[in-house]
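Peer 1: Just to be clear, the model below is a prediction. Sequence and coordinates:
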Amino acid sequence: MMNASVSRFFGVIFGLCCLISISVHSNTLKSLDIFDIEYASDLVISSDGDTVYFVRHYMDIQSDRKLGNIWSVNTKTKQMLPVTTGDHLDYAPALSPSGDRLAYISTRTGKPQIFVTWLSSGKTAKLTNLSSAPSNLVWSPNGNSIAFSMFVSESKPAPVSLSGKPKDAKWADAPIYIDDVYYRRDGGGYTEKGSTELFLLSSQGGTPRQLTQDEFNNGGAVSWGKDSKTLYFSANRGENREFTPLGRDIFKLTIDDGVITQLTDRVGPDSNPKVSPNGKYIAYLGFDDKRANYHNNLLHIMDIDGNNKRILSADLDRSIDAIEWSDDAKNLYIQYDDFGHTLLAKQSISGSNKRSVLSKQLGGQSYGRPYTSAEFSVSAKGNLAITYSDPSRPADVAVVTNQKTTILTQLNEDALAHKTLAKIEEIRFPSSADGKEIQGWIAYPPNFDKTKRYPLILEIHGGPVTAYGPHFSMEIQLLAAPGNVVVYINPRGSSSYGQAFAREIDKNYPSKDHDDLMTAVDVLIEKGFIDPNKLFITGGSGGGVLTAWAIGQTDRFAAAVVAKPVINWFSFVLTADSYPFFYQYWFDKKPWEDIDGYMKFSPISYVGNVTTPTLLLTGEADYRTPISETEQYYQALKIQGVETAMVRIPDASHGIYRKPSNLMAKVEYILWWFEQHSQQQDVK
Ligand SMILES: CSCC[C@H](NC=O)C(=O)N[C@@H](C)C(=O)O
């Protein structure tokens with residue numbers, strides 16, 4: 001029998017152990033912590049460079065929505081102040097030219113409306129009473145008006161209406177008649193008939209005036225002429241526009257008479273027009289359309305009348321994502337992805353080789369998976385604000401001065417500083433396919449000990465032409481938290497490495513990108529801290545394609561989770577929302593003209609090889625990679641007698657993480673599936 005003091009001793013030890021295990025436990029990230037994440041977006045820096053306005057996003061646990069308010073941060077004192085407050089979403093802030101007012105869109109009264117806050121008094125006015133959501137607010141240079149875009153619905157009666165319904169009878173809802181090419185849009189549901197048009201609103205409020213009114217979608221990013229009498233916009237106004245999805249051009253609209261003049265006309269898209277502050281030039285992005293899976297979006301300028309077009313970034317083998325003019329109109333600030341990082345550079349308009357990188361630390365806005373995603377804002381004096389990326393934090397606001405980056409906000413110190421997070425380390429290795437260098441990142445679980453052996457999760461990005469990088473990712477962190485090493489790479493076909501690298505998978509996907517992924521697993525195993533019996537694979541969208549492809553080629557994985565995949569390219573092209581793009585840019589022929597070609601690249605063709613236990617997970621309202629793809633694979637795996645299950649997420653679109661609880665569910669199902677099959681490996 002144990003005496004009292006011995007029992008007290010063991011009691012204390014037991015208590016201590018519990019305490020230790022509780023504190024270790026509470027120090028690692030949990031899926032519920034998703035609700036504590038904040039991040040910055042929609043940056044606007046004041047013309048004197050003293051203040052940055054931004055949207056401070058937070059997750060509302062009651063409504064399961066991402067909300068946000070506008071805050072300001074002083075670039076010298078770092079003091080933060082609220083501009084708006086309340087449980088709704090205030091977004092798209094636009095500073096008036098004199099800097100005294102902030103226009104923005106807010107859902108505080110229900111439907112999104114345009115509001116203005118006078119910054120010195122804090123007084124706020126609701127300027128509109130619109131029936132659809134406005135977007136792309138831009139102040140005229142004289143401060144008198146705000147241009148914006150909005151959807152205008154075209155009500156057309158159905159061609160058939162039933163007669164004979166008795167009074168008070170309850171009949172089924174009327175059938176839905178569809179004859180549009182684009183009849184449903186991922187994240188937007190089944191579309192209404194109509195078009196997006198440009199509007200003009202007095203900065204004092206009142207009734208907005210519709211500036212464009214034809215069958216084309218004229219809405220989108222606009223730029224004002226210096227005279228405040230003209231607008232420059234990009235639209236696809238071609239005859240066969242639905243089937244030439246990249247046919248955008250730049251147009252000038254004269255507000256007084258409504259005359260629209262076309263300024264660009266090549267085969268290929270021209271977009272993002274930005275009029276220079278002196279009113280002489282238009283900078284824009286575009287490329288010659290080669291019907292390839294990927295094109296670098298090149299920086300161009302032309303004279304304000306459309307003459308003298310020239311490319312400024314021909315020597316930079318990267319795609320430009322965002323542009324802003326310097327106040328003297330001699331330079332442009334450009335943002336682009338490079339080796340998984342997002343860079344901000346200054347580019348002279350006088351010669352393409354006059355370019356200097358100002359910061360390599362942009363990012364942090366894709367907190368679900370570690371995609372590149374960033375923004376910047378530039379003031380009249382050349383002060384620069386960026387969304388700052390750190391592997392252990394979602395986007396904060398920072399300023400860049402003389403190529404030095406200073407972080408202004410600490411939006412997640414309360415939620416994350418006391419957590420032990422996975423450390424992220426870059427790896428580069430030659431692919432087994434052909435020795436091509438591949439870049440990736442390893443996430444080490446909290447308290448990693450290299451003398452132990454860990455399960456390995458390979459997590460694969462989608463797109464397929466996108467890029468991961470050393471950016472904060474709730475999914476990667478949560479997969480690593482219980483003790484898994486996670487590896488994520490940019491296989492060939494990813495962006496940020498130049499056009500040739502992205503085109504390695506042009507009409508050839510999946511192919512050697514699969515070898516790149518398998519080499520990453522081999523490289524990790526060689527390091528000695530991976531249990532080779534506990535290899536797991538997962539990926540979403542394009543990553544779901546590659547996961548399903550991999551298990552059709554190898555049985556090395558103990559389990560797989562295939563999220564929102566394409567399983568059969570033939571059916572995908574005929575059910576996905578952007579089908580005019582997919583069949584023309586990802587394939588050489590129409591599906592029925594090349595059934596063998598489509599099936600050769602379809603994971604369903606290799607389902608007969610699969611033995612890996614496979615969980616499928618897709619949103620039921622995913623119209624990008626429709627759930628019918630998932631269902632095909634599920635039923636095929638069942639027919640094959642392979643262990644499988646299907647997780648259907650009600651109402652979720654392709655962007656599963658839009659609702660925080662859906663992101664929780666996704667990660668928890670992945671971890672649960674892998675845990676089941678990890679235990680089976682222990683029993684073997
Ligand atoms: C492979 S089919 C197209 C899927 C989609 N691509 C574009 O929309 C995709 O891969 N999306 C990625 C970015 C994702 O959802 O992670």
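Peer 2: Right, received. Where do you want to start?

Peer 1: what sits against the closest residue to residue 512 other than its chain neighbours?
Peer 2: With Cβ to Cβ, 6 or more residues apart in numbering as the criterion, residue 512 has its nearest non-adjacent residue at 4.1 Å, and that residue is residue 433. Yep, even glycine has a C-beta here, placed from its N, CA and C like the rest. Going by Cβ atoms under 8 Å, 6 or more residues apart in numbering, residue 433 touches 512, 515-516, 519.

Peer 1: Also near the ligand: which of the residues you listed, exactly?
Peer 2: Restricting those to those within reach of the ligand (Cβ under 6 Å from any ligand atom) leaves nothing.

Peer 1: before we move on, the earlier item: for the residue nearest to residue 512, what are phi and psi?
Peer 2: phi -70, psi -50 (degrees, to the nearest 10).

Peer 1: Tell me how far the closest residue to residue 655 other than its chain neighbours lies from residue 656.
Peer 2: Spatial nearest neighbour of residue 655, chain neighbours left out: residue 187 (6.0 Å); criterion: Cβ to Cβ, 6+ apart. Counting by Cβ to Cβ, to the nearest Å, the gap from residue 187 to residue 656 is 11 Å.

Peer 1: Of all the residues in this structure, which one is nearest the ligand?
Peer 2: residue 462 (2.7 Å; Cβ to the nearest ligand atom).

Peer 1: number of nearby residues for that residue?
Peer 2: 23 (other Cβ atoms under 10 Å).

Peer 1: That one should be in a strand, yeah?
Peer 2: No - for residue 462, which was evaluated using DSSP: H, G, I helix; E, B strand; the rest coil, the result is coil, with no strand membership.

Peer 1: what's the neighbour count on the closest residue to it other than its chain neighbours?
Peer 2: In space, and not counting its chain neighbours, residue 462 is closest to residue 541: 3.0 Å by Cβ to Cβ, 6+ apart. Around residue 541 there are 25 other residues, counting by other Cβ under 10 Å.

Peer 1: And residue 200, by the same measure?
Peer 2: Residue 200, neighbours per other Cβ under 10 Å, totals 16.

Peer 1: again with residue 380
Peer 2: Using other Cβ under 10 Å, the number of residues around residue 380 comes to 16.

Peer 1: what do you get for residue 495?
Peer 2: That count, for residue 495 with other Cβ under 10 Å as the rule, works out to 24.

Peer 1: show me the contacts for the residue nearest to residue 655.
Peer 2: 623, 653-655, 658.

Peer 1: circling back: roughly how far does the residue nearest to residue 462 sit from residue 130?
Peer 2: Look at residue 541 and residue 130: by Cβ to Cβ, they are 33 Å apart.

Peer 1: and if you look at residue 158?
Peer 2: Note on residue 158: its distance to residue 130, by Cβ to Cβ, is 26 Å.

Peer 1: check contacts around the closest residue to residue 63 other than its chain neighbours.
Peer 2: In this structure, residue 63 finds its nearest non-sequential neighbour in residue 87, 7.6 Å apart by Cβ to Cβ, 6+ apart. Applying Cβ under 8 Å, 6+ apart, we find residue 87 in contact with 60, 63, 67.

Peer 1: interface residues of the protein facing the ligand?
Peer 2: Proximity of the chain to the ligand (Cβ under 6 Å from any ligand atom) is limited to residues 462-464, 466, 540-542, 545, 566, 624-625, 654.

Peer 1: From the contacts of residue 187, list just the buried residues.
Peer 2: Among those, those classed as buried by 16 or more other Cβ atoms under 10 Å are 623, 653-655, 658.

Peer 1: isn't residue 286 right up against residue 298?
Peer 2: Yes - using Cβ atoms under 8 Å, residue 286 is in contact with residue 298, at 6.4 Å.

Peer 1: ok, these two, which is more surrounded?
Peer 2: More neighbours surround residue 286 than the other of residue 286 and residue 298, with 25 against 20 (other Cβ under 10 Å).

Peer 1: Residue 641 - how many residues pack around it?
Peer 2: Residue 641: 8 neighbours (other Cβ under 10 Å).

Peer 1: And it, how close does it get to residue 558?
Peer 2: Distance from residue 641 to residue 558, by Cβ to Cβ: 18 Å.

Peer 1: what are the bridge partners for residue 45, then?
Peer 2: Following DSSP bridges, residue 45 is listed with bridge partners residue 52.

Peer 1: quick one: contacts for it?
Peer 2: With contact taken as Cβ under 8 Å, 6+ apart, residue 45 is in contact with 51-53, 75, 377-379, 383-385, 399.

Peer 1: can you give me the helices for the protein?
Peer 2: 4-27, 413-416, 474-480, 499-502, 512-526, 542-553, 569-573, 579-585, 595-600, 627-640, 660-683 (DSSP state H).

Peer 1: Specify the stretch among these that is closest to residue 367.
Peer 2: Comparing those against residue 367 with Cβ to Cβ, the closest turns out to be helix 474-480 (5.4 Å).

Peer 1: Please export the C-alpha coordinates of that closest one as CSV.
Peer 2: The C-alpha coordinates for helix 474-480 follow below in CSV (Å, rounded to 0.1, in the frame of the first residue of the first chain):
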residue,chain,number,x,y,z
MET,A,474,-4.0,28.3,-41.1
GLU,A,475,-4.3,24.9,-42.9
ILE,A,476,-0.6,24.2,-43.0
GLN,A,477,-0.3,25.3,-39.3
LEU,A,478,-3.2,23.1,-38.2
LEU,A,479,-2.0,20.1,-40.2
ALA,A,480,1.4,20.4,-38.5
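
Peer 1: name the helices or strands packed onto that helix?
Peer 2: strand 437-444, strand 454-460, strand 485-490, helix 660-683 (3 or more Cβ pairs under 8 Å, 6 or more residues apart in numbering; DSSP states H and E).
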